[in-house]
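In: Here is a sequence together with a model predicted from it:
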Amino acid sequence: MTTKAANSLERVLAVLEVFSEERLEWTSEELMERLGYSRPTLYRYLKTLKEAGFLTSTPNVGFTLGPKVVEMDYLMRKSDRLILDGSAQLKGLTERYSCTALLVRWYGDRLLCIDSESSMRNPLTSFPRGRPMPLGPGAIARSIMAFLPRRNLVPLIECVIGELQQVGLGANIEEILDHLKKVKRAGVAVAYGEVTPGVVGIAAPIFDAGRSPVASVGVTIGGSLVDGALIAQIASDIKTVAHDLSLSLARGRL
């Protein structure tokens, strides 16, 4: 791919990136103002995305995400080895504990739940499948961050240091790094009410053939349902699940 083609692709993808939970609809005028594209360029990109099904438009409303996104989500569920192998593991966790179990992918600078199971009438999670999670607080984020190389980790900490300080991870970067080293040694992260009040989160990282984490498996459970011994038991089970899924992903890359 030529540099020009690569740049054009990045600019097309940038159109999709502006859609979020906070902003689900955009007019062409708003997109031009946000992205800084000329009218002919933007209209060309919008036409391409509409024809491919990634966007749809409604008169007097604007553009929203289109049906191709749903189609690709279906294909992902059918092909993602983490979902295929992890679904049974999540069910096993929810059969043993009254909890919500989640698989979360780490990509770019985002954490995204890709699958979940719950044995509770009202699942104890603020982030169902498809909703990005915060990078700072919570066991899921910590289980990923603790295993990142320092060169990648420090810039992340700098971006969310205020949130990490609020949940008591440390007063500065070095103290936060020390805390994350303890998480790495333990192989599992535990958080108390950091993302959802009254809920304990427990999570462990998942690796593929590489040394950096690509995902995390976690459990959220009501704080009133657990004590130290039960948290330790759940943590042990989650580490086992994470290890098994890591082996499965590594084998899939051979």
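Out: Sure, I can see it.
In: remind me which residues of the stretch 151-254 of the chain are low pLDDT?
Out: 252-254 (pLDDT under 70).
In: which stretches of it form helices?
Out: 173-186, 228-252 (DSSP state H, counting those that start in this stretch).
In: of these, which approaches G162 most closely?
Out: helix 173-186 (11.3 Å; Cβ to Cβ). C-beta here means a position set from N, CA and C on the backbone, and glycine is covered the same way.
In: Next, the angle helix 228-252 makes with that closest one.
Out: Counting by axes from the mean of the first three to the mean of the last three Cα atoms, to 10 degrees, helix 173-186 points 80 degrees away from the direction of helix 228-252.
In: Could you name the helices and strands sitting against helix 173-186?
Out: Contacts defined by 3 or more Cβ pairs under 8 Å, 6 or more residues apart in numbering; DSSP states H and E place helix 173-186 against helix 139-145, helix 150-166.
In: ok, and what's touching that helix?
Out: 142-143, 145-147, 150, 153-154, 157-158, 161, 164-165, 169-170, 189, 235 (Cβ atoms under 8 Å, 6 or more residues apart in numbering).
In: likewise stretch 224-235?
Out: Contacts to stretch 224-235, defined as Cβ under 8 Å, 6+ apart, come from residues Y97, S98, C99, A186, V188, V190, G198, V200, I202, A204, V219, I221.
In: same thing but at 6 Å, please
Out: Residues outside stretch 224-235 that contact it (Cβ atoms under 6 Å, 6 or more residues apart in numbering): V188, V200, I202, V219.
In: so what's the second one up against?
Out: Counting by Cβ under 6 Å, 6+ apart, V200 makes contact with Y192, I221, G223, V226.
In: before we move on, the earlier item: tell me which of the helices and strands packed on helix 173-186 is the most buried.
Out: Mean neighbours per residue, mean count of other Cβ atoms under 10 Å, is largest over the helices and strands packed on helix 173-186 for helix 139-145, with a mean of 29.
In: outside of that one, which residues touch it?
Out: For helix 139-145, the surrounding residues in contact (Cβ under 6 Å, 6+ apart) are 104, 106, 133, 135, 180, 183, 189-191, 201-205, 213, 216, 218.
In: Do a quick rundown of the strands in the protein.
Out: 55-58, 62-65, 100-107, 110-118, 132-133, 189-192, 199-207, 213-222 (DSSP state E).
In: In terms of secondary structure, what does the second one contact?
Out: Counting by 3 or more Cβ pairs under 6 Å, 6 or more residues apart in numbering; DSSP states H and E, the packing neighbours recorded for strand 62-65 are strand 55-58.
In: Now do the strand it packs on: distance to the chain's middle.
Out: When distances are taken as Cα atoms, centre = their mean, to the nearest Å, strand 55-58 is centred 27 Å away from the chain's centroid.
In: Return the set of buried residues in that strand.
Out: In terms of neighbour count (16 or more other Cβ atoms under 10 Å), strand 55-58 has its buried residues at L55, S57.
In: Appreciated, that's everything.
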